[in-house]
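Asks: Pasted the sequence and its predicted model underneath.
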Amino acid sequence: MQQSNLCFGQSSEIIQLENAELELFAQFLTSEVADNLLQKLVELVDWQKETIRIAGVERLVPRLTAWYGDKGASYTYSGVVHHPVPWNERLLALKSQVEQACGAEFNSALFNLYRDGKDSVAWHSDDEPELGRRPIIASLSLGAPRSFQLKHKKHKDLRHKLTLTSGSLLVMRGDTQQCWLHQVPKEPAITEPRINITFRNIITNHNQ
Ligand SMILES: O=C(O)CCC(=O)C(=O)O
């Protein structure tokens, strides 16, 4: 069941799932703004090719990544500590627009560039300790529409999927990361790029 919200002049819908809080702003940015931003970010971001060790074998991550944030907002995933690239003015303005829509503040963002449909992200949840127990994650999509799939960690029959289109903002709150996994599967027929930016709040003293 879905219900509509109007938030800061942006219309959104709540996606009702057990043990999850999902809000989708389908047209958070106009497609013109989103496409311009995609072009700029493809050129200007210092995209990294990362490797991940699976069963003792080093593999290239099937997408390019970058980690932006406030000083000190370092983030460990796949066993690697990522130190943030400082924000620029355009990204700070975008962050502030996202913060207004979400009613939350973020100090960092993970950028993913899916060069085409052969790039993907496998099942995972954003549940690293530095994000806290019930993180708010705001996920902005630019470019090629891609399928975003969710499955419940315990109730194997609970699944959901949506298409994240250019300019959409998906906000995940509450128990979503504790209870659900998500993925962006490969879609080999897609030839266009997509950028996804997940705004996050790193708790810098989470070990103390
Ligand atoms: O590309 C997306 O929509 C999801 C990205 C993602 O899952 C992540 O950055 O953790």
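Replies: Cool, the structure landed.

Asks: use CA for all of it now, contacts and neighbours both
Replies: Will do.

Asks: Quick check: which element contains the residue in the chain that the ligand sits nearest to?
Replies: Using CA to the nearest ligand atom, the closest approach of the chain to the ligand is made by Asn196 at 4.8 Å. Asn196 is part of strand 194-200, with elements assigned from DSSP states H and E.

Asks: show me the contacts for the residue of the chain closest to the ligand.
Replies: Applying CA atoms under 8 Å, 6 or more residues apart in numbering, we find Asn196 in contact with 111-113, 139-142.

Asks: can you do 6 Å?
Replies: Asn196 sits next to 111-112, 140-141 when contact means CA atoms under 6 Å, 6 or more residues apart in numbering.

Asks: so of those residues, which ones are in strands?
Replies: For these, the ones inside strands are 111-112, 140-141, with DSSP state E as the criterion.

Asks: which of those residues has the most neighbours?
Replies: Ser141 (26 neighbours; other CA atoms under 10 Å).

Asks: following the lowest-mean-pLDDT helix or strand in the chain, which helix or strand comes up?
Replies: Lowest on mean pLDDT, DSSP states H and E among the helices and strands of the chain sits strand 2-7, with a mean of 48. Later in the chain than strand 2-7, the nearest helix or strand by DSSP H and E is strand 10-17.

Asks: which residues are contacting the strand ranked longest in the chain?
Replies: Longest strand in the chain by number of residues, with DSSP E as the criterion: strand 57-69. Applying CA under 6 Å, 6+ apart, the contact partners of strand 57-69 are 47-52, 84-86, 107-114, 119-120.

Asks: could you flag which of these are buried?
Replies: Neighbour counting by 16 or more other CA atoms under 10 Å classes 47, 50, 52, 84-85, 107-114, 119-120 among the contacts of strand 57-69 as buried.

Asks: strand partners of the strand holding Asn196, parallel vs antiparallel please.
Replies: strand 108-114 (antiparallel), strand 137-143 (antiparallel) (DSSP bridges).

Asks: interface residues of the chain facing the ligand?
Replies: 126, 183-184, 196, 198 (CA under 6 Å from any ligand atom).

Asks: Highest neighbour count among those?
Replies: Asn196 leads the residues of the chain next to the ligand on contacts (other CA under 10 Å) with 23 neighbours.

Asks: Surely Lys151 touches Lys161?
Replies: No. Counting by CA atoms under 6 Å, Lys161 is not a contact partner of Lys151; they are 8.7 Å apart.

Asks: Between those two, tell me which one has more neighbours.
Replies: Lys151 (19 against 13).

Asks: Quick check: the more buried one is in a strand.
Replies: Yes. Under DSSP: H, G, I helix; E, B strand; the rest coil, Lys151 falls within a strand.

Asks: how about it, what does it touch?
Replies: 158-159, 180-181.

Asks: okay if I get the strands paired with strand 194-200 as CSV plus distance to Leu24?
Replies: Listed next are the strands paired with strand 194-200 as CSV, based on distance: least, CA to CA, whole Å:
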stretch, distance to Leu24
strand 108-114, 18
strand 137-143, 9
